[in-house]
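Visitor: Make a model of this:
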Amino acid sequence: MTTAAQETQVTELLRSRGVRPTRQRVELLAALAEEPNDVTAQSLWRRLREERGSSVGLATVYRTLSLLREQEVVDALTHHGDEVCYRLCSESHHHHLVCRRCHRVVELDGCDLDAWVADAAAVHGFTATAHHLEVEGECARCAAS
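Guide: Numbering: from 1, shown residues only. This is a model prediction of the structure:
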């Protein structure tokens with residue numbers, strides 16, 4: 001269950017990114033902050049309804065997650081088949097290791113790819129403005145089972 005301190009923290013995060021902290025946005029982001037890895041919109045919606053008794057609609061969850069992604073409040077990961085997964089991550093530039101079996105996500109800080117990305121883009125007549133890396137594999141726990 002969300003505490004007042006969590007709601008305050010989530011509210012401040014939304015405000016700092018220029019997002020109006022409505023009740024539903026705060027509720028959704030607080031639930032996402034409790035996720036240890038990442039979650040699909042459908043799974044998050046089910047948890048909000050079943051575990052928190054929320055009345056938030058599925059369309060609202062999708063719209064809110066889309067807005068939060070655009071405002072760089074959450075990261076969107078694409079390792080889960082055709083469905084996008086969402087994760088509240090650190091604010092610094094980072095990449096992800098994702099276990100394809102249990103969906104554990106690890107943030108990788110300290111990116112050394114900027115020069116390589118800029119060079120590769122220039123070879124093809126592009127100017128790179130950003131990059132995102134998601135490395136799939138198996139975590140040690142899944143590999144051992």
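Visitor: Each with direction, which strands does the helix or strand of the chain with the lowest mean pLDDT pair with?
Guide: Taking mean pLDDT, DSSP states H and E as the measure, strand 75-80 is the helix or strand of the chain with the lowest mean score, a mean of 82. Strands flanking strand 75-80 in the sheet, each with its direction: strand 83-87 (antiparallel) (DSSP bridges).
Visitor: Residues contacting the strand it pairs with from elsewhere in the structure, which ones?
Guide: 32, 35, 37-42, 44, 65, 68-69, 74-79, 96, 103, 105 (Cβ atoms under 8 Å, 6 or more residues apart in numbering). (Glycine included, C-beta is placed from N, CA and C.)
Visitor: What are the buried residues along that strand?
Guide: Within strand 83-87, the residues scored as buried using 16 or more other Cβ atoms under 10 Å are 84, 85, 86, 87.
Visitor: ok, what's across the strand from the residue sitting nearest the centre point of the chain?
Guide: Centroid check for the chain by Cα atoms, centre = their mean gives residue 87 as the closest residue, at 2.2 Å. Beta-bridge pairing of residue 87, defined through DSSP bridges, involves residue 75.
Visitor: Do you know the pLDDT at it?
Guide: Residue 87 is assigned a predicted lDDT (pLDDT) of 91.
Visitor: This protein: helices as residue ranges?
Guide: In the chain, the segments counted as helices under DSSP state H are 4-16, 23-33, 41-52, 58-70, 114-123, 140-144.
Visitor: gap between the residue of the chain positioned farthest from its centre and residue 9?
Guide: The outermost residue of the chain relative to its centre, with distances by Cα atoms, centre = their mean, is residue 123 at 31.2 Å. Applying Cβ to Cβ, to the nearest Å, the value for residue 123 to residue 9 is 44 Å.
Visitor: before we move on, what about residue 119?
Guide: Relative to residue 9, residue 119 is positioned 40 Å away (criterion: Cβ to Cβ).
Visitor: Looking at the two, which has the bigger crowd around it?
Guide: residue 9 (15 against 10; other Cβ atoms under 10 Å).
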